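1. Sequence first, then the predicted structure, then my questions.
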Amino acid sequence: GINAEYGVPFSVEKIPLILKRPIEEPRSFAKETWFHYGASFEESERRLRDHKINGAFLVREQPDNKFRLVFRCAGAVRSCKIGQDGRLWIIGKSQFEGLSKLIESYKKNPL
C-alpha cells in the first residue's frame, strides 16, 4: 500500500488494523423538503392528514438515527422502516446507494 502522509509504501501485515467506522458522505438529503428530522409519528401523521392526497409522504429521522418513510395511502397514514447497511438504504428487499435515490425510485415505482 501507499502511506498517504509520506507517499511511501507500507505493509498492512505489520500493522494490526481493524476498520471500525466508515466516514459518511455528507447528508445531502437533509435539505430535501421531504426530510423531517426529529418529527414524531403523531406530528408526521398530522402533517399528512392535512394534505389529504394519497401518495403524500415524508421521511422522518428519529433521534436514535433510525429512519421511517411515512405516507398517505387509501386515506390512512402508514409508515415503514428504512434500514441502513453501510452505505445502502433498504426498504424490504430493495437496496439503494443513498436515501435520495431510494425516494426517487419510489416516486416512479410503487412501494
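-> Arrived safely. Numbering: from 1, shown residues only.
2. isn't Cys80 right up against Ser94?
-> No: with contacts counted by Cβ atoms under 8 Å, Cys80 stays clear of Ser94, the gap being 11.2 Å. (Glycine included, C-beta is placed from N, CA and C.)
3. For Ala76, see how far away the most centrally placed residue in the chain is.
-> The centroid of the chain falls nearest to Leu99 when counting by Cα atoms, centre = their mean (4.0 Å). Distance of Leu99 to Ala76, given as Cβ to Cβ, to the nearest Å: 24 Å.
4. so where's this protein shaky on pLDDT?
-> Residue ranges of the chain with pLDDT under 70: 1-26.
5. which residue ranges form the helices in this structure?
-> Using DSSP state H, the helices of the chain run over 41-51, 99-108.
6. To Trp34, which of those lies closest?
-> With Cβ to Cβ as the measure, helix 99-108 is the member of the helices of the chain nearest Trp34 (6.5 Å).
7. Which strands or helices does that closest one pack on?
-> strand 88-91, strand 94-96 (3 or more Cβ pairs under 8 Å, 6 or more residues apart in numbering; DSSP states H and E).
8. Buried residues in it, which are they?
-> Leu99, Ser100, Leu102, Ile103, Tyr106 (16 or more other Cβ atoms under 10 Å).
9. Redo the residues you listed as JSON lines? Include distance to His36.
-> Output for the buried residues of helix 99-108, formatted as JSON lines (distance: Cβ to Cβ, whole Å):
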{"residue": "Leu99", "distance to His36": "13"}
{"residue": "Ser100", "distance to His36": "15"}
{"residue": "Leu102", "distance to His36": "16"}
{"residue": "Ile103", "distance to His36": "13"}
{"residue": "Tyr106", "distance to His36": "17"}
